[in-house]
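In: next input, structure requested:
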Amino acid sequence: MQTIGVVIPVPEPWGAQLQGFREGIGDPMADLIPPHITLLPPVGIDTQLISGVVDHLSAAAGMLAPFEIALRGTDSFRPTSPVVFVALAEGAEDCATLEGLVRSGPLGIDSPWPYHPHVTVAHELPDAVLDDACERLADFAADFGVDEFTLYILDPDGRWHPTHTFPLGSDDTAPLGSEFEEDER
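Out: The predicted structure is shown next:
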């Protein structure tokens, strides 16, 4: 089994800003994966099925044209979940469409939660730290184009590593290194 996730990475300079913010507030998950919008949360996949998943993601990417994201301010999933996030003011519908394409076929896995695209900036921290995160990023704003998404794998140390990118509006895929191929053997 291999644990995978599919995300839209937050590009620079905003990715580094949000990463630094998470590290600065002491979020222990800050260095495990860069800031992103989740399309498929962590899921275990039989290693022998990974090439089919890559093919599926490539086909899904080809079905949607690039789109724009506007991140604005913060919100929280509390009290249901101790998470503070940067909210999407634009692009949520496109993210939902892409999430639906990704979470079909071999990745058609049910979720206990409705899809809500966001960028997590604080997770499972004391309420005072979550409140502070919400206040300090209340005026955060970023605008960027989304022209691809990324497949990540989870290593045994709990860190996520990108393996493939999938350009939107194309059925091409770009492997990002040999690590993925080694895991398939």
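
In: can you tell me the element Glu135 falls in?
Out: helix 127-136 (DSSP states H and E).

In: same check, this time on Phe85
Out: Using DSSP H and E, Phe85 falls in strand 83-90.

In: buried residues, that strand. List them.
Out: For strand 83-90, a neighbour-count test (16 or more other Cβ atoms under 10 Å) marks 83-88 as buried. Where C-beta positions appear, they are placed from N, C-alpha and C, glycine not excepted.

In: and the angle from the helix holding Glu135 to strand 83-90?
Out: 20 degrees (axes from the mean of the first three to the mean of the last three Cα atoms, to 10 degrees).

In: what ranges does this structure have for its strands?
Out: Here the chain has its strands, by DSSP state E, at 2-9, 36-45, 67-76, 83-90, 118-123, 141-146, 148-154, 160-167, 174-175.

In: can you list the strands that the fifth one pairs with?
Out: In other words, strand 118-123. strand 83-90 (antiparallel) (DSSP bridges).

In: likewise the first one?
Out: In the sheet, strand 2-9 lines up against strand 36-45 (antiparallel), strand 148-154 (antiparallel) (DSSP bridges).

In: dump those into CSV; add mean neighbour count and distance to Thr97 as well.
Out: Shown next, in CSV, are those (neighbours: other Cβ atoms under 10 Å; distance: least, Cβ to Cβ, whole Å):
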stretch, mean neighbour count, distance to Thr97
strand 36-45, 18, 10
strand 148-154, 22, 12
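
In: Ser51: neighbouring residues, count only.
Out: 12 (other Cβ atoms under 10 Å).

In: for the closest residue to Thr120 other than its chain neighbours, name its beta-bridge partners.
Out: Nearest non-adjacent residue to Thr120, counting by Cβ to Cβ, 6 or more residues apart in numbering: Phe85, 5.1 Å away. Per DSSP bridges, the residues bridged to Phe85 are Asp75, Thr120.

In: likewise Gly44?
Out: With DSSP bridges as the rule, Gly44 is bridged to Thr3.
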